[in-house]
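A.B. asks: just coords:
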């Protein structure tokens, strides 16, 4: 985990940095509001990465943000077994991310970008597409 507290950066730069970090191999990039010294609002930027990318991601943090220091900690990570399943709906095909714990499905979520694309293509509300995906998924798994 590579973290930096930042209180002097235009917040618009964060999205660009997050995209660059993910493209460089970061597993996750988040930010949270924090109260900094002298009562300034700031961001806590956290990047989860594989140990072998530590120097690459650290250089990116320094290059793309205004921080002058980072904290690096080792963290253990556990992830569920995952697969992608395609579900057919009245609007079209949507990929579902399915997560399992000891073989049992514990989470299934539609791929947002697929739902968004179909909503735009079919000129229907996004929430309708997402409901149709959940209904199709439920029907497949009854």
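C.D. replies: Structure received. The shown structure was predicted, so the numbers you read here are calculated from the model rather than taken from an experiment.

A.B. asks: Spatially central, which residue of this structure would that be?
C.D. replies: residue 28 (5.9 Å; Cα atoms, centre = their mean).

A.B. asks: Now do that residue, the pLDDT please.
C.D. replies: Note on residue 28: pLDDT of 97.

A.B. asks: wait, isn't it in contact with residue 48?
C.D. replies: Yes. At 4.2 Å, residue 28 counts as touching residue 48 under the criterion of Cβ atoms under 8 Å. Bear in mind the C-beta positions are built from the backbone N, C-alpha and C, glycine included.

A.B. asks: Quick one: the strands in this protein, in order.
C.D. replies: 2-6, 28-35, 41-48, 71-72, 81-89, 92-101, 104-110 (DSSP state E).

A.B. asks: any residues touching the longest one, and which ones?
C.D. replies: Applying Cβ atoms under 8 Å, 6 or more residues apart in numbering, the set of residues contacting strand 92-101 from outside is 80-87, 105-111, 114-115, 118, 121-122, 129, 133, 136-137.

A.B. asks: Kindly recompute the last result at 6 Å.
C.D. replies: Under the contact criterion Cβ atoms under 6 Å, 6 or more residues apart in numbering, strand 92-101 has outside partners 80-87, 105-111, 114, 118, 133, 137.
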